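Chemist: Fold the following.
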Amino acid sequence: MISIKKATTIEELKGILVLQKSNLKESLESEEIDQEGFVTLNHDLGTLSLMNSYEKQIIATNNGSVIGYALVMVKDLKNHIPVLMPMFDMLETIEYKSKIISESKYYIMGQVCIDKDYRGKGIFAKLYEKHKLEMASKYDYCITEVSNSNKRSMRAHEKVGFENIHSFSDATDTWKILLLNLNL
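Modeler: Below is the predicted model:
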């Protein structure tokens, strides 16, 4: 039985890390990257626990095993994951509906991943439905950045309602900053 819920135990956070590790770009073959997508950040238990202390991480489980996750990264933690700092800085200048994003209540989708055996079963959309249910009363937007080369992730985010608000390139890739209005 698949359940979508908030992560509340260390075992669930460790389950996120196991799933994350198996889907890191450097752990996959290029063909799998093209077809299945990938994740780029490699969290540690301390950082993930800190993130979970601010806002509970949303997970999908099956018989107690984590089979999917959608991580919440709040602005207060921007200095804890240095690779995300440029995105937070960009949000100080990017406008959405005639307002600078940083003037709104938002959080960052720190990463989303579904176990390969469970992809294509609607879990991705259910994770975001849970995000809207849990977060819309506190935040206006969920914002994420997706590698332009991660076609599967880009399609999945667009399908659940994210819109591209900015594109940029860095030393590693070309990225799109995507926004989901939580109150629509």
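Chemist: Name the helix or strand for the spatially most central residue of the chain, please.
Modeler: In the chain, the C-alpha nearest the mean C-alpha coordinate belongs to residue 111, at 2.7 Å (CA atoms, centre = their mean). Residue 111 is part of strand 106-114, with elements assigned from DSSP states H and E.
Chemist: What strands line up against that strand, and which way round?
Modeler: strand 65-73 (antiparallel), strand 141-147 (parallel) (DSSP bridges).
Chemist: mean confidence for the helix or strand following the first one?
Modeler: Think strand 65-73. Using DSSP H and E, the helix or strand that follows strand 65-73 towards the C-terminus is helix 85-90. Taken as a whole, helix 85-90 has a mean pLDDT of 88.
Chemist: cool, and stretch 69-80?
Modeler: Mean predicted lDDT for stretch 69-80 stands at 92.
Chemist: in that stretch, what counts as buried?
Modeler: Across stretch 69-80, burial judged by 16 or more other CB atoms under 10 Å covers 69, 70, 71, 72, 73, 77, 78. To be clear about C-beta, it is placed using only N, CA and C from the backbone, and glycine gets the same treatment.
Chemist: Pick out the least confidently modelled helix or strand of this structure, by mean pLDDT.
Modeler: Within the chain, no helix or strand scores below helix 30-36, which has a mean of 74 by mean pLDDT, DSSP states H and E.
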